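S.K.: For reference, the sequence and a predicted model appear below.
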Amino acid sequence: MTPKISSYWLYFVTATSFALAKNLVNSMKTEVVCKANNLTEMLGIHLIDYNTAIQLAFDKIEQNQVISSWKDAQTSNIIERGISHYIEVPVNGCFKDIRSRPLSNVKSSLDKIWRIAGKNGWYYGNWLWEIRGLLDQLFGGVGMRRGRRSDTDILAGEALDFWRVLLASREEKRMLLYAEMKLPGEAWLEFNINADNVLTQTATFRPLGVLGRLYWYSVLPFHGFIFKGMINAMARG
C-alpha cells in the first residue's frame, strides 16, 4: 500500500488521529541506526518487562486510576485556545433544543449524567450515535473512538467520545460539553439540575452560514427522539 492508503488504514482500524497515523507511516521511510544505550545504568533505572507493564496499565484502568489519556489530545484547537473561550454558550443566532423533566431521584440521575458516553453509551439510540461518529470519522473527525478516561469520574478538559468537557460540577449539578465533531457550526450540550430537582437538557447549535442552517434542519427529526429518549432515561430513578 502507498503511504497515504496506509495512513487511512491505520486511522480507521485504530484509535489514532489521522495526523498521527500519517506521521507514523511517514516515519517508517526514515532509516535509523540504533546504538548501545547505557542510560539505565547511568541513571539507576530499573526496567520492567512488557507483560508486567501491560498488567500494571490494565490494573489502573480497572481501578479508575488513569489520570489522563493520550486520546484527549485528539481534538480541534479548543485545548490550544483554552476552554474559557467556549464556556459561555451563545444566545443570539443559535438554534436550541431544550427539554426538562422533574426528577424523583436526583442522585441517581446525577450519577447517570456523570457516567454518560464511552462504554455506558448515551442511554438512547446508541446505534445512531455510532453512525454519527462514523460519518464524522469519514470526514476526518475524531469519531466515537476516544471514549472516556474513567467510567465514573469526569474532569473539565477531558474528552467524551466526540465531545469535550467544558464544565463538570457535581456541586452545581451541571455539565457542559462542546462538540469536536466536524460541523458547519458550533454545538454545545448542557445538563443542569436546578433547586426544584428539575433536569434541563439543552442542545445549542450556532450555524455557520446557509450550510449550517441546512444541517440543523436535516438532523432535526433525529434530534426529536434522540434527545427525548436520552433525557427520559436520565430522569428515571
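M.R.: Everything's here; your move. Source: prediction; values computed, not measured. Numbering: from 1, shown residues only.
S.K.: Sort out which residues of the host helix or strand of T204 are buried, please.
M.R.: Element membership for T204, per DSSP states H and E: strand 198-207. Of the residues in strand 198-207, 199, 201-207 count as buried by neighbour count, 16 or more other C-beta atoms under 10 Å. To be clear about C-beta, it is placed using only N, CA and C from the backbone, and glycine gets the same treatment.
S.K.: Now distance to M42 and pLDDT too, for these, in JSON lines please.
M.R.: Below are the buried residues of strand 198-207 laid out as JSON lines (distance: C-beta to C-beta, whole Å; pLDDT from 0 to 100):
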{"residue": "L199", "distance to M42": "58", "pLDDT": "97"}
{"residue": "Q201", "distance to M42": "57", "pLDDT": "97"}
{"residue": "T202", "distance to M42": "57", "pLDDT": "97"}
{"residue": "A203", "distance to M42": "56", "pLDDT": "96"}
{"residue": "T204", "distance to M42": "55", "pLDDT": "96"}
{"residue": "F205", "distance to M42": "56", "pLDDT": "96"}
{"residue": "R206", "distance to M42": "55", "pLDDT": "94"}
{"residue": "P207", "distance to M42": "58", "pLDDT": "94"}
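S.K.: picking up where we left off before, what pairs with the strand holding T204, parallel or antiparallel?
M.R.: strand 95-102 (antiparallel), strand 185-193 (antiparallel) (DSSP bridges).
S.K.: Export those to JSON lines and append columns for mean neighbour count.
M.R.: Output for the strands paired with strand 198-207, formatted as JSON lines (neighbours: other C-beta atoms under 10 Å):
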{"stretch": "strand 95-102", "mean neighbour count": "14"}
{"stretch": "strand 185-193", "mean neighbour count": "20"}
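S.K.: So for I116, which of those sits nearest?
M.R.: I116 sits nearest to strand 185-193 of all the strands paired with strand 198-207, at 8.2 Å, using C-beta to C-beta.
S.K.: For the closest one, which outside residues touch it?
M.R.: Here strand 185-193 makes contact (C-beta atoms under 8 Å, 6 or more residues apart in numbering) with 86, 89-90, 103, 106, 109-110, 113, 163, 166, 172-179, 181, 199-208, 212, 215-216, 234.
S.K.: go with 6 Å
M.R.: If you take C-beta atoms under 6 Å, 6 or more residues apart in numbering as the criterion, strand 185-193 is touched by 89, 113, 173-179, 199-208, 212.
S.K.: follow-up on the earlier one: okay if I get the buried residues of strand 198-207 as JSON lines plus distance to D49?
M.R.: Formatted as JSON lines, the buried residues of strand 198-207 follow (distance: C-beta to C-beta, whole Å):
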{"residue": "L199", "distance to D49": "49"}
{"residue": "Q201", "distance to D49": "48"}
{"residue": "T202", "distance to D49": "50"}
{"residue": "A203", "distance to D49": "48"}
{"residue": "T204", "distance to D49": "50"}
{"residue": "F205", "distance to D49": "50"}
{"residue": "R206", "distance to D49": "51"}
{"residue": "P207", "distance to D49": "54"}
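S.K.: Please, where are all the strands along this protein?
M.R.: Using DSSP state E, the strands of the chain run over residues 95-102, 159-160, 163-169, 174-179, 185-193, 198-207.
S.K.: Worst mean pLDDT among these?
M.R.: The stretch with the lowest mean pLDDT among those is strand 159-160, at a mean of 88.
S.K.: number of nearby residues for the residue nearest to F162 when sequence neighbours are not counted?
M.R.: Once flanking residues are discounted, F162 sits nearest to M181: 4.3 Å by C-beta to C-beta, 6 or more residues apart in numbering. M181 has 19 neighbours, counted by other C-beta atoms under 10 Å.
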